[in-house]
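In: Dropping the sequence and predicted coords here.
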Amino acid sequence: MSEQSWLVIRCKACLKCSGQRRQKGRCPHCGSPLDGSSEVVKVCQSSGELLTEVALANTPSELRDELRSRLSNTAFEHEAATLSMRALLKKLRNMADLDGVISLATVSQHLGANNVDAPPDGLMEQAELEGLVLRLSETRWMFLE
C-alpha cells in the first residue's frame, strides 16, 4: 500500500510553505486559516520528497538551485525511501521518556545512527504538521497518543 500524496501549500498570509494532506486547515507558521484556495506549489508522493520540497519552497529563489544540488548530493532521498518517516517516528516514539517527550539531541542521534541525512528539526516539524507530536519548546516534543 503506498502513502497518500502530500501537498506543498503556500499560506496567503505569511507566504511560507508547509506540507498538508489537503488544502484546508491552518498554517503551522502563522496560524492563519487555509481556506482551500491557497496556492499548491507541488504535489509530493512521499514524506521524504515533501521535506525536500517544503525546504526548497521556503528558500529564497536565488539560493534554491544551490540548495537543490546540495540536497541531491546527500543520501537523504535514498534513505527516506528505504526508511519511511512512519518507521522513523515509531522508533523515536519508543525512545521518548515516560511522558512521551523527546529532545532534538535524541532525534539527531537516532537519525545519525540510521544514516538518515535529514534535518532533525524538519522531521519533527513534519510530525507536528501531521498531528503526531506537540512542540513543547524549540528542542523538545511530546508524542500524542
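Out: Cool, the structure landed.

In: what about Glu49, which SS state?
Out: Under DSSP: H, G, I helix; E, B strand; the rest coil, Glu49 falls in the helix class.

In: which residues in the chain form strands?
Out: Taking DSSP state E as the test, the strands found in the chain are 6-10, 17-20, 24-26, 33-35, 39-44, 101-103, 133-137, 140-143.

In: Might you report the residue contacts of Gly131?
Out: Applying C-beta atoms under 8 Å, 6 or more residues apart in numbering, we find Gly131 in contact with Leu144. In this view, the C-beta of every residue, glycine as well, is placed from N, C-alpha and C.

In: Quick check: closest non-adjacent residue to Pro33.
Out: With sequence-adjacent residues excluded and distances taken as C-beta to C-beta, 6 or more residues apart in numbering, Pro33 is closest to Arg26, at 5.9 Å.

In: Pull the number of nearby residues for the one you found.
Out: 14 (other C-beta atoms under 10 Å).

In: The strands of the chain into JSON lines, with extra columns for distance to Glu125 and mean pLDDT?
Out: Shown next, in JSON lines, are the strands of the chain (distance: least, C-beta to C-beta, whole Å; pLDDT from 0 to 100):
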{"stretch": "strand 6-10", "distance to Glu125": "13", "mean pLDDT": "92"}
{"stretch": "strand 17-20", "distance to Glu125": "9", "mean pLDDT": "90"}
{"stretch": "strand 24-26", "distance to Glu125": "14", "mean pLDDT": "88"}
{"stretch": "strand 33-35", "distance to Glu125": "16", "mean pLDDT": "90"}
{"stretch": "strand 39-44", "distance to Glu125": "15", "mean pLDDT": "92"}
{"stretch": "strand 101-103", "distance to Glu125": "14", "mean pLDDT": "95"}
{"stretch": "strand 133-137", "distance to Glu125": "8", "mean pLDDT": "93"}
{"stretch": "strand 140-143", "distance to Glu125": "9", "mean pLDDT": "94"}
